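> here is a sequence with its predicted model. Questions after.
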Amino acid sequence: DSGVTQTPKHLITATGQRVTLRCSPRSGDLSVYWYQQSLDQGLQFLIQYYNGEERAKGNILERFSAQQFPDLHSELNLSSLELGDSALYFCASSVGLAWDEQFFGPGTRLTVL
Amino acid sequence: QKEVEQDPGPLSVPEGAIVSLNCTYSNSAFQYFMWYRQYSRKGPELLMYTYSSGNKEDGRFTAQVDKSSKYISLFIRDSQPSDSATYLCAMGERNTGNQFYFGTGTSLTVIP
């Protein structure tokens, strides 16, 4: 158990809908990262927050947004969902801003029908 | 061309074999190199973390980085059925902060 929690574990929704994925980092970790994992693309970095501020952005679609709250938990919002958004979404956390070990949560499996 | 290339396998070996897993990359600025292990239905967990070129050993695992060839390897000695998992390489450079680029993963099965 990495200490990173993610909810929900599974999410099934329809195209065009909006969903919110939630992540609680390990105690003491200030950075939260979001990743998307699909069979053909592997693990893709989406975005990083550090102590409430956005610090790095990867290939995140404009339909996706994230935030980190004062209690350091983070939410990833996915809107106008498409079939291709079906994937595993992982959250990871680390102590500092850069180059620390990232601890991954168990993931949220999103299925868009 | 992807930043990181990794043979997806699958790779199947008998128990006790030496396993070699490899990744190539295109960005010569990468300085940080990692190997993650991911069991089915779980999140990735860090196995090895190396900086720049050279070797690093941890128990049955050895990570090698050859920056001149843009090639990294993970060796598993005396492989065990519990090593059956997907292995992901990841790497990053200082200029992009903490953004890591992952390979697509190699699926390994160790047969008892």
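Now that the structure is in, tell me what you want to look at.

> tell me who's in contact with residue 25.
Assuming you mean chain A. For A:P25, the contacting residues are A:G3, A:V4, A:S31, A:V32, A:L72, A:H73, A:S74, A:C91, A:S93, taking C-beta atoms under 8 Å, 6 or more residues apart in numbering or on different chains as the criterion. Where you see a C-beta, it was placed from the backbone N, CA and C, and this is true even at glycine.

> the intended chain is chain B.
By C-beta under 8 Å, 6+ apart, the residues touching B:Y25 are B:E3, B:V4, B:E5, B:K70, B:Y71, B:I72, B:M91, B:Y101.

> C-terminal to whichever strand or helix holds B:K56, what's the next element?
Assigned by DSSP states H and E, B:K56 belongs to strand B:54-58. Counting by DSSP H and E, the element after strand B:54-58 in chain order, helix or strand, is strand B:61-66.

> quick one on the thing from earlier: let's see which of the contacts of A:P25 end up in helices.
With DSSP state H as the criterion, helices contain none of those.

> still on that earlier bit, quick one: the strand holding B:K56 to strand B:61-66, angle?
For strand B:54-58 against strand B:61-66, the angle between stretch directions is 170 degrees (axes from the mean of the first three to the mean of the last three C-alpha atoms, to 10 degrees).

> which strands border strand B:54-58, and is each parallel or antiparallel?
Strand B:54-58 sits in its sheet next to strand B:61-66 (antiparallel), going by DSSP bridges.

> identify each buried residue in the strand it pairs with, please.
Within strand B:61-66, the residues that count as buried by 16 or more other C-beta atoms under 10 Å in any protein chain shown are B:F61, B:T62, B:A63, B:Q64, B:V65.

> so what's the last one bridging to?
In this structure, B:V65 has beta-bridge partners B:G54, B:I72, where bridges are defined by DSSP bridges.

> and it, how far from chain A?
In this view, B:V65 and chain A are 15 Å apart by C-beta to the nearest C-beta, to the nearest Å.

> need the buried ones from the contacts of B:Y25 selected in PyMOL.
Typed into PyMOL, the line below selects the buried ones among the contacts of B:Y25, using 16+ other C-beta under 10 Å:
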select buried, chain B and resi 4+70+72+91+101
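
> from the contacts of B:Y25, which two are the most distant?
Maximum pairwise distance in these, criterion C-beta to C-beta, is 15.0 Å, between B:Y71 and B:Y101.

> tell me the bridge partners for the residue nearest the centre of chain A.
Using C-alpha atoms, centre = their mean, the residue of chain A that lies closest to the mean C-alpha position is A:W34, 3.2 Å off. Applying DSSP bridges to A:W34 gives these bridge partners: A:I47, A:C91.
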